[in-house]
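1. Fold the following.
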Amino acid sequence: MIYNIYTYLIATPLFIINCVVNASLMALFGLMGDRKYFTYWIPRFWAWFTCFVYLIPVSVKGRKKIDKNQTYLFLPNHQGYFDIFLLYAYLGVNFKFMLKDYLRNIPFIGYGCAKSGHVYLGESRQSITHALLESRKNLEQGISMTIFPEGTRTHDGKLSEFKRGAFMLASQLERPIVPITINGSYQVFNRDATMISRHSLELIVHDAISVEEQKAKGTKQIMKDVYDIINKDLK
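-> Residues are numbered from 1 along each chain as shown. Down below sits the predicted model:
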């Protein structure tokens, strides 16, 4: 009860201010052509502040497996809204999300994401081609990409069936795949929740799957491997 009062009266108003200010800054620096520095540190602070203001404990495992000089395609499970904050604040590397096209309509945030290099993906062939080109542009500038292979947030906390599109993009982009397991986000704020609950978050970074291994095994087997790796540590 006390946490709910704190959430409504203090945390959420601060979160809204945080969103407006940081999204505006992201759009500004994005218009200036920056994709790599300010448009990484600004949303990282935004995400960290969100976890901090909502008093969410966070633990991270396996982050040292990431080579800062390498770009990756990160594939995490999608439990809830706080997946975004957890990844941005605690993954520790510069990356951009591949987002569903309708998310660009979110006030301030949608525009800020578009201008700072995040990639929107629609269902048309033209949109897919554009998303591939924008993703490649990020990778060439030393910026990794993050895609949720389930395509949407889970309904029950369990790992949903993967969409083939993320792995087809991985094949064309020719970058190592890093599976990521997220725990606790479903309990904090899932798709059916009406309020935020205080629960710990856990981010587990798994070993990368090389481009050579992807080519040797093929898309179907890699999809299964990534699913099994993520699911193994899912609580």
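2. show me the biggest helix of this protein in terms of residues.
-> helix 12-31 (DSSP state H).
3. quick one: average pLDDT of it?
-> Helix 12-31 shows a mean pLDDT of 88.
4. In terms of secondary structure, what does it contact?
-> helix 38-53, helix 109-115 (3 or more Cβ pairs under 8 Å, 6 or more residues apart in numbering; DSSP states H and E). No exception for glycine: its C-beta is placed from N, CA and C like everyone else's.
5. Need the contact partners of the helix or strand following the first one.
-> Reading on from helix 38-53 to the C-terminus, the next helix or strand found by DSSP states H and E is strand 58-61. Residues outside strand 58-61 that contact it (Cβ atoms under 8 Å, 6 or more residues apart in numbering): Cys51, Leu86, Ala89, Tyr90, Ser200, Leu201, Glu202, Leu203, Ile204, Val205.
6. Which of these sits closest to Leu159?
-> Ile204 (13.2 Å; Cβ to Cβ).
7. Give the pairing partners of the helix or strand that contains that closest one; include direction for each.
-> Secondary-structure assignment from DSSP H and E places Ile204 in strand 201-205. Sheet pairing here is set by DSSP bridges, and for strand 201-205 it gives strand 58-61 (parallel), strand 177-183 (antiparallel).
8. looking at those strands, which is buried most?
-> Mean neighbour count (mean count of other Cβ atoms under 10 Å) peaks for strand 177-183 among the strands paired with strand 201-205, with a mean of 23.
9. Show me the shaky parts of this protein.
-> Scanning the chain for pLDDT under 70 picks out 108.
10. which residues does the residue nearest to Ile222 when sequence neighbours are not counted contact?
-> In this structure, Ile222 finds its nearest non-sequential neighbour in Gln214, 5.3 Å apart by Cβ to Cβ, 6 or more residues apart in numbering. The contact partners of Gln214, taken as Cβ under 8 Å, 6+ apart, are Ala170, Ser171, Ile177, Ile222.
11. what about Gln214, distance to Gly165?
-> According to Cβ to Cβ, to the nearest Å, Gln214 and Gly165 sit 15 Å apart.
12. Also Val188?
-> Shown here: Val188 relative to Gly165, a distance of 27 Å by Cβ to Cβ.
13. Ok, Phe15 next?
-> Taken as Cβ to Cβ, the span from Phe15 to Gly165 is 31 Å.
14. Could you do Thr50 as well?
-> 28 Å.
15. circling back: contact partners of the longest helix of the chain?
-> Here helix 12-31 makes contact (Cβ under 8 Å, 6+ apart) with 38-39, 42-43, 45-46, 49-50, 53-54, 108-109, 111-117.
16. higher neighbour count, Thr50 and Gly165?
-> Thr50 (24 against 16; other Cβ atoms under 10 Å).
17. what's near enough to touch that one?
-> By Cβ under 8 Å, 6+ apart, Thr50 lies in contact with Phe15, Asn18, Phe82, Phe85, Ala89.
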